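S.K.: Provided below for reference: sequence and predicted model.
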Amino acid sequence: MIGPFVLTVDNDLAHLEDISEFIMKATEDCGLSAADRFQVRLAIDEASTNVISYAYGDQIGELTIRCWREGDAFTVELLDQGEPFDPATVPPPNLEADLWDRPIGGLGLYLMRRFMNEVGYTRDDRGINRLVMVKRV
């Protein structure tokens, strides 16, 4: 196993650059190709933005990102104690609709599912949300 690499930030959009740099370094250290690094970074950026923007409302909270490579699997966990949100309950966007008829946003989960091989969510009895994404490399 390579890693784990761990970063904890508070829920401030100013930390998106820190998260991006962290993911780029971790994926590089784990030997991912440039294309895979880009896809993982985009998926994590979308997931992190959602947690930072919505999980805690107006409250201060933390987001912890853990990632590692084991065999051909690069795994990323996002942990927070905000409101529960199960991505499995969100239907895929209608990509056939006219661009002007589509709502603004709403493509984050689509991109996570498209670029990562696995996307799963759990919430434990302590109130910790755990989003796990796996990229096969």
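M.R.: Now that the structure is in, tell me what you want to look at. Numbers count the residues shown, from 1 in each chain.
S.K.: burial of G57, as a residue count?
M.R.: By other CB atoms under 10 Å, 10 other residues sit near G57. C-beta here means a position set from N, CA and C on the backbone, and glycine is covered the same way.
S.K.: D45 now?
M.R.: A count of neighbours around D45, defined by other CB under 10 Å, yields 18.
S.K.: looks like it contacts S20 (just checking).
M.R.: Yes: under the criterion of CB atoms under 8 Å, D45 is in contact with S20, at a separation of 6.1 Å.
S.K.: so what sits against both of those two?
M.R.: Contact criterion CB atoms under 8 Å, 6 or more residues apart in numbering; no residue bridges D45 and S20 by contacting each.
S.K.: give the other helices and strands that the longest helix that the chain contains contacts.
M.R.: Using DSSP state H to assign secondary structure, the helix with the most residues in the chain is helix 34-50. Helix 34-50 makes packing contacts with helix 16-29, strand 62-70, strand 73-80, helix 108-115, strand 129-136 when contacts are defined by 3 or more CB pairs under 8 Å, 6 or more residues apart in numbering; DSSP states H and E.
S.K.: buried ones in it?
M.R.: If you call a residue buried by 16 or more other CB atoms under 10 Å, then helix 34-50 has these buried ones: 36-37, 39-48, 50.
S.K.: what sits against the residue nearest to S33 when sequence neighbours are not counted?
M.R.: Take S33 and drop its neighbours on the chain: the residue closest to it by CB to CB, 6 or more residues apart in numbering is V137, 7.1 Å away. For V137, the contacting residues are 30-33, 36, 69, 72-74, taking CB under 8 Å, 6+ apart as the criterion.
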